[in-house]
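1. Sharing a sequence plus its predicted fold:
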Amino acid sequence: MTMNRDVRTLRIMYVIILLTLFVPRTQAYTEQGYTEEQKPDTKPDFLKDFISTFRPRIKQSPADEPGVETDALPNWLWSWKYFKKQMAEQHGTSIDILLDDHHQHILNGPGSRKGRNIFWWNLTIKQKLWEDGKLIFKARGSNTDGNPPNGITPLVGSRLNLDWAAYETELGYIANLYIEQKLMNDKLLVAVGKITFPSYFDENKVAGWDFFSHSLARNQVFIHKYHTVGALGRYDLSDKIYVQAGITDVQGIRSETGLNTTFHGEDYFLTMAEMGIKTINSKGLEGNYRFDAWYDPQPLARHDGKGFERDTTGFGVSFDQAMTEKTGAFFRYGWDDGRVRKFSNYWSLGGTLKGPNPAREKDVLGFGIGQGITHQDYRRANNATHTETIFEAYYKIHMTDWYSITLDIQTLLNPGTNSHNDTSVIPGIRLKMLF
């Protein structure tokens with residue numbers, strides 16, 4: 001029997017992980033007192049060149065530049081970091097490159113034995129323009145080109161977003177181009193241009209992009225708009241309280257300039273507002289408590305077939321709290337107009353543990369639960385269940401400061417809000433590099 005291509009891909013990625021984990025680390029041997037020449041080398045000959053591309057090693061430099069970490073870096077990465085340092089100091093330019101390759105495979109439930117692999121890249125350039133003002137440019141793309149989504153979600157038929165990178169379905173495009181300015185002794189921040197609004201609203205220090213599922217990285221009833229034309233302002237009332245508000249083109253498409261929808265035809269602008277409170281307890285542990293509201297003027301079809309509803313509103317909260325120096329917890333809740341949205345309510349909660357293995361202090365174990373609750377009109381129109389629930393756990397393996405591997409597993413109850421569907425079980429793996 002011919003092996004499924006996605007299964008082969010998954011197995012190859014797991015082999016790479018095992019090889020990487022069991023190959024001795026140069027930095028560890030150096031810390032034990034070995035020099036580069038003395039350290040034991042147990043790698044098979046045919047793997048040496050391949051592994052050396054990813055494994056850290058000491059940069060031998062007769063005159064190390066101050067401010068550049070040279071220990072445990074491949075030669076090419078040391079040169080890149082030195083170039084970045086020079087650009088920042090001489091021209092006020094910061095440059096970052098992100099490479100992300102991940103695979104998910106369905107073991108049980110709708111779409112069983114099928115899988116999807118997505119590779120995407122992101123280039124970020126921040127250029128200082130003047131005092132407290134900078135231009136932010138981001139370009140990104142993926143290995144797919146077509147109509148989104150292209151991840152595991154359409155195979156399962158889930159109403160939840162199981163892969164937040166699934167909408168990266170263009171080979172390349174300009175994601176962001178905007179100016180960010182700080183005023184009034186840095187108390188006021190203003191941004192105008194093509195902005196990623198979820199980078200400012202509904203943030204969470206515990207529940208972030210280490211989750212595969214967008215359903216745990218962001219609130220699923222919040223109307224998130226990515227890479228669209230708009231403006232926002234944030235004002236710090238004190239060191240612990242801020243308020244912010246923004247507007248963006250709700251019809252904007254992330255991979256387009258936005259000029260065709262922002263300034264032509266019907267102009268519908270999504271309005272968002274947020275208040276945030278930061279706390280620090282007697283043990284020095286930080287907590288962040290955010291309260292959001294939004295307004296959407298565009299007409300949306302009602303589930304009951306009785307025309308359209310416009311001027312809809314919603315609200316949500318996003319809390320994160322450090323429990324100890326190594327553990328954190330999060331909670332989100334949101335409400336929106338269920339007569340026109342797929343969910344009328346959504347909640348999620350979970351936590352993270354840093355260094356679950358004392359020998360690997362930079363590894364992270366995370367888990368979360370999220371549940372979408374449908375409106376009665378939606379259930380009647382689609383013969384749907386009351387809820388769809390996701391459970392997700394991941395283990396992020398810190399290989400170096402620029403390279404990590406994440407193992408992930410998701411379980412869905414009532415996938416697609418369909419009671420006839422079996423429970424979905426979806427393992428995944430991510431290889432991430434940030435230069």
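-> Received the coordinates, thanks.
2. Correct me if wrong, but residue 404 is in a strand.
-> Yes - per DSSP: H, G, I helix; E, B strand; the rest coil, residue 404 lies within a strand segment.
3. For the stretch 151-300 of the chain, give me the ranges with low pLDDT.
-> The stretch 151-300 of the chain contains residues with pLDDT under 70 at 264-265.
4. residue boundaries of the strands in it?
-> Counting by DSSP state E, counting those that start in this stretch, one finds strands in the stretch 151-300 of the chain at the ranges 173-183, 188-195, 228-236, 241-249, 269-280, 286-296, 300-301.
5. Can you redo these as TSV, where the extra columns are mean neighbour count and distance to residue 125?
-> C-beta coordinates here come from the backbone N, C-alpha and C atoms, glycine included. Below are the strands of the stretch 151-300 of the chain laid out as TSV (neighbours: other C-beta atoms under 10 Å; distance: least, C-beta to C-beta, whole Å):
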stretch	mean neighbour count	distance to residue 125
strand 173-183	18	10
strand 188-195	19	14
strand 228-236	19	19
strand 241-249	18	22
strand 269-280	17	26
strand 286-296	18	28
strand 300-301	13	37
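6. Make TSV from those and add distance to residue 163 to it.
-> Formatted as TSV, the strands of the stretch 151-300 of the chain follow (distance: least, C-beta to C-beta, whole Å):
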stretch	distance to residue 163
strand 173-183	18
strand 188-195	23
strand 228-236	21
strand 241-249	23
strand 269-280	24
strand 286-296	24
strand 300-301	25
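7. for these, which one sits closest to residue 385?
-> strand 300-301 (21.2 Å; C-beta to C-beta).
8. following that closest one, which helix or strand shows up next?
-> Using DSSP states H and E, the next helix or strand after strand 300-301 towards the C-terminus is strand 308-309.
9. Show residues contacting the next helix or strand along the chain from that following strand.
-> Note on strand 308-309: by DSSP H and E, the next helix or strand toward the C-terminus is strand 312-322. For strand 312-322, the external contacting residues (C-beta atoms under 8 Å, 6 or more residues apart in numbering) are 202-207, 219, 221-223, 285-296, 300, 328-337, 340-341.
10. What strands flank strand 312-322, and is each parallel or antiparallel?
-> strand 286-296 (antiparallel), strand 327-335 (antiparallel) (DSSP bridges).
11. Quick one: work out the angle between the longest one and strand 269-280.
-> What separates the directions of strand 286-296 and strand 269-280 is an angle of 170 degrees, with axes from the mean of the first three to the mean of the last three C-alpha atoms, to 10 degrees.
12. which residues touch strand 286-296?
-> 201-205, 219, 222-223, 250, 268, 270-281, 311-322, 334.
13. Likewise for the last one?
-> When contacts are defined by C-beta under 8 Å, 6+ apart, strand 327-335 is touched by residues 202, 204-207, 219-222, 292, 314-323, 344-354, 368.
14. Report the buried members of these.
-> The neighbour count (16 or more other C-beta atoms under 10 Å) marks 202, 204, 206-207, 219-222, 292, 314, 316-322, 344-354, 368 as buried among the contacts of strand 327-335.
15. Pretty sure residue 84 sits in a strand.
-> No - counting by three-state DSSP, residue 84 is located in no strand; its state is helix.
16. which residues sit in contact with it?
-> Here residue 84 is in contact with 94-95 (criterion: C-beta under 8 Å, 6+ apart).
17. so what's it scoring on pLDDT?
-> Looking at residue 84, its pLDDT stands at 93.
18. Could you check how far it is from residue 107?
-> Applying C-beta to C-beta, to the nearest Å, the value for residue 84 to residue 107 is 41 Å.
19. picking that back up, closest to residue 237 out of the strands paired with strand 312-322?
-> strand 286-296 (13.7 Å).
20. I'd like to check the angle between the closest one and strand 241-249, please.
-> 30 degrees.
21. Look at residue 77 and say how many residues are nearby.
-> Neighbours of residue 77 under the rule other C-beta atoms under 10 Å: 19.
22. sec struct for it, please.
-> helix.
23. So it sits against residue 433, correct?
-> No - Residue 77 lies out of contact with residue 433 (C-beta atoms under 8 Å); the separation is 9.9 Å.
24. what sits in contact with each of the two?
-> Counting by C-beta under 8 Å, 6+ apart, the residues touching both residue 77 and residue 433 are residue 402.
25. Residue ranges of each domain in the chain, please.
-> Residue ranges for the domains of the chain, per automatic domain parsing: 1-55, 73-434.
26. most tightly surrounded among the ones you listed?
-> domain 73-434 (a mean of 18; mean count of other C-beta atoms under 10 Å).
27. if I look at residue 389, how far off is residue 372?
-> Taken as C-beta to C-beta, the span from residue 389 to residue 372 is 8 Å.
28. Need the nearest residue in space to residue 155, chain neighbours excluded.
-> Closest residue to residue 155 apart from its sequence neighbours, by C-beta to C-beta, 6 or more residues apart in numbering: residue 111 at 3.5 Å.
29. OK, contacts around the one you found?
-> Residue 111 is in contact with 152, 155-157, counting by C-beta under 8 Å, 6+ apart.
30. Please enumerate the helices of the chain.
-> Assigned helices in the chain, in chain order: 5-22, 26-31, 45-54, 75-91, 153-156, 214-217, 259-262, 376-382 (criterion: DSSP state H).
31. hey, least reliable of those helices by pLDDT?
-> It's helix 26-31: among those, that one has the lowest mean pLDDT, namely a mean of 41.
32. Which strand runs longest in this structure?
-> Ranked by residue count, the top strand of the chain under DSSP state E comes out as strand 115-130.
33. Residue 359: which of the strands of the stretch 151-300 of the chain is closest?
-> So among the strands of the stretch 151-300 of the chain, strand 286-296 is nearest, using C-beta to C-beta, at 26.8 Å.
34. confidence score at the residue nearest to residue 124 when sequence neighbours are not counted?
-> Among residues not flanking residue 124 along the chain, residue 96 sits closest, at 4.6 Å (C-beta to C-beta, 6+ apart). Per-residue pLDDT puts residue 96 at 96.
35. Surely residue 96 touches residue 140?
-> No - taking contacts as C-beta under 8 Å, residue 96 lies outside contact range of residue 140: 11.8 Å.
36. Name the residues contacting each of the two.
-> Common neighbours of residue 96 and residue 140 (C-beta under 8 Å, 6+ apart) are residue 123.
37. ok, the residue nearest to residue 217 when sequence neighbours are not counted to residue 218 distance?
-> Once flanking residues are discounted, residue 217 sits nearest to residue 211: 5.0 Å by C-beta to C-beta, 6+ apart. Noted for residue 211: a distance of 10 Å to residue 218, by C-beta to C-beta.
38. Then residue 373?
-> Distance, residue 373 to residue 218, using C-beta to C-beta: 17 Å.
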